[in-house]
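>>> when you get a sec, could you give me coordinates for this:
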Amino acid sequence: MTEIPVESATGVKGSTDRNCDVKMLNISYLKDMQILEMATIPPPSLPPLDINKIKRRVNEARSGRQDAVDKIGVNVSTTAQKLFDTINKT
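A predicted model of the protein is given here:
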């Protein structure tokens, strides 16, 4: 059995209120799990979401995808498209 330590972000070097280390495991891959110690204090509340930042990132992702779609040639061979994509990256 492999132990995976899970610690709170409080007191961890480099952590801030908005930057925490989180360890996620896919429980469908676990055979056995043992709780070694129950938490004595509740975890700190999550920081509020920055809705404007989320919207900006969604718009940037959409814009990037749209740019990629616009660069796909119509009636162009696969080789020509790959060549265009390679040149376009530089």
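>>> can you check which helix is longest in this structure?
If you go by DSSP state H, the chain has its longest helix at helix 51-70.
>>> roughly how far does the residue with the largest distance to the centre of the chain sit from M24?
Most distant residue from the mean C-alpha position of the chain: N75, 36.0 Å away (CA atoms, centre = their mean). From N75 over to M24 the distance is 45 Å, taken as CB to CB, to the nearest Å. Glycine gets a C-beta too; all of them are placed from N, C-alpha and C.
>>> again with L83
Distance from L83 to M24, counting by CB to CB: 41 Å.
>>> how many neighbours does N26 have?
Neighbour count of N26, defined by other CB atoms under 10 Å: 6.
>>> then I41?
Residues near I41, counting by other CB under 10 Å: 7.
>>> send me stretch 34-53 as PDB with only the CA atoms.
C-alpha atoms of stretch 34-53 as PDB (Å, rounded to 0.1, in the frame of the first residue of the first chain):
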ATOM      1  CA  GLN A  34      -7.800   3.800   5.200                       C
ATOM      2  CA  ILE A  35      -8.400   7.000   7.000                       C
ATOM      3  CA  LEU A  36      -5.500   7.500   9.400                       C
ATOM      4  CA  GLU A  37      -6.800  10.500  11.200                       C
ATOM      5  CA  MET A  38     -10.000  12.500  11.200                       C
ATOM      6  CA  ALA A  39      -9.800  16.300  10.800                       C
ATOM      7  CA  THR A  40     -10.300  18.200  14.000                       C
ATOM      8  CA  ILE A  41     -11.000  21.500  12.400                       C
ATOM      9  CA  PRO A  42     -13.100  22.300   9.300                       C
ATOM     10  CA  PRO A  43     -11.200  23.300   6.100                       C
ATOM     11  CA  PRO A  44     -11.000  27.000   5.300                       C
ATOM     12  CA  SER A  45     -13.700  28.300   3.000                       C
ATOM     13  CA  LEU A  46     -12.900  28.600  -0.700                       C
ATOM     14  CA  PRO A  47     -12.000  32.000  -2.100                       C
ATOM     15  CA  PRO A  48     -14.700  33.600  -4.300                       C
ATOM     16  CA  LEU A  49     -14.500  32.900  -8.000                       C
ATOM     17  CA  ASP A  50     -13.400  35.800 -10.300                       C
ATOM     18  CA  ILE A  51     -16.200  35.600 -12.800                       C
ATOM     19  CA  ASN A  52     -14.600  38.200 -15.100                       C
ATOM     20  CA  LYS A  53     -11.400  36.200 -15.300                       C
END
